[in-house]
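J.: can you look at this prediction? I've put the sequence above it.
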Amino acid sequence: MSQPMADRMNRLPKQFFASLSRKVDERIRSGHDVINLGQGNPDLPTPPGIVEALREAALDPSTHRYSAFRGLPELKQAAADFYRREYGVHLDAETEIAILFGGKTGLVEISEIYLNPGDIALVPDPGYPDYFSGVALAGGRMAKMPLLEQNGFLPDFDAVPSDVKKAAKLMFLNYPNNPTGAAADRQFFETAAEFGLRNDVIVVHDFAYAAIGFDGVQPASFLSVPGAKEAGIEIYTLSKTFNMAGWRVAFAAGNREVIAALNLLQDHYYVSLFPAIQKAAAAALTGPRESIEQLVQVYENRRNAFIGELQSHEFICTPPRGSFFAWLPVPAGFTSVQFSDYLLEEADIAVAPGVGFGECGEGFVRIGLLTGQDRLREAAARMAQATAALHR
Ligand SMILES: Cc1ncc(COP(=O)(O)O)c(C=O)c1O
């Protein structure tokens, strides 16, 4: 075969974490007890009521056919009801909600829809790599918004140069934040909506960790602030809230024109999701809230166990306010990749180097709180000891 791939394929960013995964696998194969905190895959099962809803729906032959093109009305209505219950936000199920094959797909599609080659998207740095992939596929350019510790890992909109503000078409935001664990309040989203409206930039708020806010604070929805529906959309995935990462179901909500554009593109890619999954997703969204409360408690206990253990060894770090990640500073003299290698070799702990999420992630490593409390305590103790050994 001598056919090269189209140029857009060559623009895709390199898979930064692939070589790390290989190193971790090799170490496990050679018999080491590695605690892998480098990934972001939820470790808990989907609540049984949702699995049961899937079983029942899968037994119903009417679900074996193609779905309605843009998804089942009952799922869109369930999403609208969920937003009213959780955030007091009113959405029209047919025109303000689009069903997605997981948040990842929507995040890539949005750049395909709005960016011509050379167009600018504002992206957070550090940020979730799929924003970068979508922009690259579309041939767009990224203007990075640094997320700095001194700003609570929120972007400083005033620091965006005025020519970039004018030219940008999209802006990606994500709170609770992957990778920093930072949270945003309604005031921040009010500023983001104003920024979007003033500069004619579509705001895309990736609400992947919507359910996971700590210390009794429910994360704010972008759509709950004035002007948000004019300014953009929010992408809500069921992956984390209901431990349904493998099910691939999410939805976009908000601005009608953006929702119509997503539906239009998807008319050409899909005939929506397997109807039984849609029915189970509707059951998840309309079901009891207890499973969400339990989930938050599990992650908060894990955070407290991990951070508490680190602090008991005088390892200074800020506890995350949401998401299931902790963002730890790297000791002086190390890059984030060097520190990750050091932790793997000296403590059998796998973490994600911050630079893999963007240049401004340098100086940090990301820890996934995706194993039980005992294992997390052990990981923290091993990490703290390996780090203390550097100062001896
Ligand atoms: C910030 C962020 N956005 C989006 C996603 C994608 O979620 P999904 O495609 O499972 O809906 C993830 C998954 O890890 C994430 O961390």
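T.: Yep, it's here. Numbering: from 1, shown residues only.

J.: tell me the secondary structure of P45, please.
T.: At P45, secondary structure determined by DSSP: H, G, I helix; E, B strand; the rest coil is coil.

J.: test my guess that it contacts N243.
T.: Yes. The pair P45 / N243 is scored as a contact, 6.1 Å apart, by Cβ atoms under 8 Å. For glycine as for every other residue, the C-beta is placed from the backbone atoms N, C-alpha and C.

J.: higher neighbour count, the two?
T.: Shown here are P45 and N243; by other Cβ atoms under 10 Å, N243 has more neighbours (19 against 10).

J.: roughly how far does that one sit from N41?
T.: For N243, the distance to N41 equals 10 Å [Cβ to Cβ, to the nearest Å].

J.: likewise M383?
T.: Taking Cβ to Cβ, one finds M383 at 20 Å from N41.

J.: neighbour count winner among these two?
T.: M383 (27 against 10).

J.: which strands or helices does the helix or strand hosting that one pack on?
T.: M383 belongs to helix 373-388 when assigned by DSSP states H and E. Applying 3 or more Cβ pairs under 8 Å, 6 or more residues apart in numbering; DSSP states H and E, one finds that helix 373-388 contacts strand 35-36, helix 290-312, helix 336-347, strand 349-350.

J.: neighbouring contacts of that helix?
T.: Under the contact criterion Cβ atoms under 8 Å, 6 or more residues apart in numbering, helix 373-388 has outside partners 35, 37, 301-302, 305-307, 309-310, 313-315, 331, 342-343, 346-349, 367, 369, 371.

J.: buried set for that helix?
T.: 373, 375-384, 386-387 (16 or more other Cβ atoms under 10 Å).

J.: where along the stretch 1-150 of the chain do the helices fall?
T.: Assigned by DSSP state H, counting those that start in this stretch, the stretch 1-150 of the chain shows helices spanning 7-11, 18-29, 48-59, 73-87, 102-114, 129-138.

J.: dump those to a markdown table, plus mean pLDDT and distance to E96.
T.: Output for the helices of the stretch 1-150 of the chain, formatted as a markdown table (pLDDT from 0 to 100; distance: least, Cβ to Cβ, whole Å):
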| stretch | mean pLDDT | distance to E96 |
| --- | --- | --- |
| helix 7-11 | 92 | 30 |
| helix 18-29 | 89 | 38 |
| helix 48-59 | 98 | 24 |
| helix 73-87 | 98 | 8 |
| helix 102-114 | 97 | 14 |
| helix 129-138 | 95 | 22 |
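
J.: the ligand is nearest to which of those helices?
T.: Closest of these to the ligand is helix 102-114, at 3.1 Å (criterion: Cβ to the nearest ligand atom).

J.: any bit of the closest one sitting next to the ligand?
T.: Yes. Under the criterion of Cβ under 6 Å from any ligand atom, the ligand is reached by helix 102-114 at 102-104.
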